[in-house]
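Student: Everything below, folded, please.
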Amino acid sequence: MHIKELFGKKTVYSFEVFPPKKTSPVEVIYDTLDELNGLKPDFISVTFGAGGSGNSKYALDIASRIKASGITPMLHLPCINFTKAEIDAALSEAQERGIENILALRGDINPDIPPVDEFRHASDLINYIKAKGDFDIAGACYPECHPDADNIIDDITNLRRKVDAGADHLITQLFFDNDSFYEFREKAAIAGINVPIEAGIMPVVNKNQIERMVTTCGASLPKKFVRIMTRYEHSPEALCDAGIAYAVDQIVDLVASGVDGIHLYTMNKPYVARKISEAVSGILGA
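Tutor: Residues are numbered from 1 along each chain as shown. Take a look at the predicted model:
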């Protein structure tokens with residue numbers, strides 16, 4: 001099923017998982033998937049060896065496992081470190097396995113791995129995939145501007161290129177201030193970007209982990225969020241509970257404001273995904 005068909009019928013609710021480290025067997029994630037599948041998300045996306053981590057060989061197996069469970073999978077496909085032949089091979093195998101949904105990405109720049117440069121931008125990959133088969137294609141976006149963009153105007157312009165190239169819907173990077181998302185959504189609409197936009201939400205469960213992610217994606221930290229981290233940083237259980245509550249609060253506000261969908265960055269933690277899913281199940285169906 002193409003994910004784009006879900007939008008407009010409901011508030012789409014989805015998860016993201018990542019493969020285990022390349023030194024670990026892929027089976028270590030299967031228990032996690034079984035728990036996440038039981039929460040009945042609309043789809044689960046699978047990362048694909050970000051930054052050349054080497055775990056991309058697991059991504060298709062995980063996506064196939066998700067599909068076999070009755071949940072729609074979405075395969076991340078970065079391009080900066082891959083040749084066209086490698087992209088062709090990944091797309092061909094995805095088609096063979098019945099995986100129809102792709103999140104087309106430039107991918108992280110790894111200073112230890114020189115870019116291949118056959119695809120310089122995600123829009124190049126989206127245009128390429130459109131000619132390769134009947135895929136549903138999602139694109140990524142940054143509510144607070146891509147870290148590599150000079151300014152938000154350039155970033156929105158580049159995002160429009162993704163949509164013009166054929167992106168069917170968008171998923172945002174994580175953010176902690178809903179007002180940033182609403183301002184971004186308005187700017188995107190003014191720029192003629194009229195595809196559905198899912199809001200990416202990451203629950204705070206580990207202070208150091210969140211700080212690394214914020215450094216990578218450039219998300220700002222509202223005062224309320226900083227108070228939570230400061231107050232509970234030395235109490236992992238309390239921080240986890242507070243982080244879940246903060247994410248639930250974000251989701252309630254987003255759904256009330258007509259968001260197209262919620263994409264939960266689970267960090268492979270089914271307990272967190274379950275607590276949030278239980279808390280918002282009523283509003284998602286309202």
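
Student: Which parts of the protein are strands?
Tutor: Taking DSSP state E, the strands of the chain run over residues 12-17, 43-46, 72-78, 101-105, 136-141, 169-174, 197-201, 261-265.

Student: Make CSV out of those and add mean neighbour count and distance to Lys275.
Tutor: C-beta here means a position set from N, CA and C on the backbone, and glycine is covered the same way. Formatted as CSV, the strands of the chain follow (neighbours: other Cβ atoms under 10 Å; distance: least, Cβ to Cβ, whole Å):
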stretch, mean neighbour count, distance to Lys275
strand 12-17, 24, 13
strand 43-46, 25, 17
strand 72-78, 24, 23
strand 101-105, 25, 25
strand 136-141, 24, 26
strand 169-174, 22, 18
strand 197-201, 25, 13
strand 261-265, 25, 11
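
Student: so where's this protein uncertain?
Tutor: For the chain, the stretches flagged by pLDDT under 70 are 49-56, 286.

Student: And the helices in it, which stretches?
Tutor: Applying DSSP state H to the chain gives helices spanning 30-37, 56-68, 84-96, 122-130, 152-165, 178-190, 207-217, 223-232, 236-256, 270-284.

Student: and those, which is most packed in?
Tutor: helix 122-130 (a mean of 22; mean count of other Cβ atoms under 10 Å).

Student: How about residues contacting it?
Tutor: Residues from elsewhere that reach helix 122-130 (Cβ atoms under 8 Å, 6 or more residues apart in numbering): 77, 79, 84, 87, 91, 102, 104-106, 119, 135, 137, 139-140, 158, 161-162, 164-167.

Student: still on that earlier bit, can I get the strands of the chain in a markdown table including distance to Ile129?
Tutor: Putting these into a markdown table (distance: least, Cβ to Cβ, whole Å) gives the following:
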| stretch | distance to Ile129 |
| --- | --- |
| strand 12-17 | 20 |
| strand 43-46 | 16 |
| strand 72-78 | 8 |
| strand 101-105 | 6 |
| strand 136-141 | 6 |
| strand 169-174 | 14 |
| strand 197-201 | 19 |
| strand 261-265 | 20 |
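
Student: wait, which of those strands is closest to Pro147?
Tutor: With Cβ to Cβ, the closest approach to Pro147 among the strands of the chain belongs to strand 169-174: 9.5 Å.

Student: Quick one: list the elements packing against the closest one.
Tutor: If contacts are counted by 3 or more Cβ pairs under 8 Å, 6 or more residues apart in numbering; DSSP states H and E, strand 169-174 sits against strand 136-141, helix 152-165, strand 197-201, helix 207-217, strand 261-265.

Student: That one - which strands sit beside it in the sheet, and in what orientation?
Tutor: Sheet pairing of strand 169-174 (DSSP bridges) gives strand 136-141 (parallel), strand 197-201 (parallel).

Student: still on that earlier bit, make JSON lines out of the helices and strands packed on strand 169-174 and add distance to Thr72.
Tutor: Listed next are the helices and strands packed on strand 169-174 as JSON lines, based on distance: least, Cβ to Cβ, whole Å:
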{"stretch": "strand 136-141", "distance to Thr72": "9"}
{"stretch": "helix 152-165", "distance to Thr72": "21"}
{"stretch": "strand 197-201", "distance to Thr72": "14"}
{"stretch": "helix 207-217", "distance to Thr72": "25"}
{"stretch": "strand 261-265", "distance to Thr72": "13"}
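
Student: right, and those - which one's nearest Asp179?
Tutor: strand 197-201 (12.3 Å).

Student: burial measure for the closest residue to Thr47 other than its chain neighbours, as a count.
Tutor: Closest residue to Thr47 apart from its sequence neighbours, by Cβ to Cβ, 6 or more residues apart in numbering: Phe18 at 4.2 Å. The local packing of Phe18 (other Cβ atoms under 10 Å) involves 22 other residues.

Student: you'd agree Phe18 is up against Thr266?
Tutor: No - when contacts are counted by Cβ atoms under 8 Å, Phe18 is not listed as touching Thr266 (9.1 Å).

Student: Okay then, goodbye and thanks.
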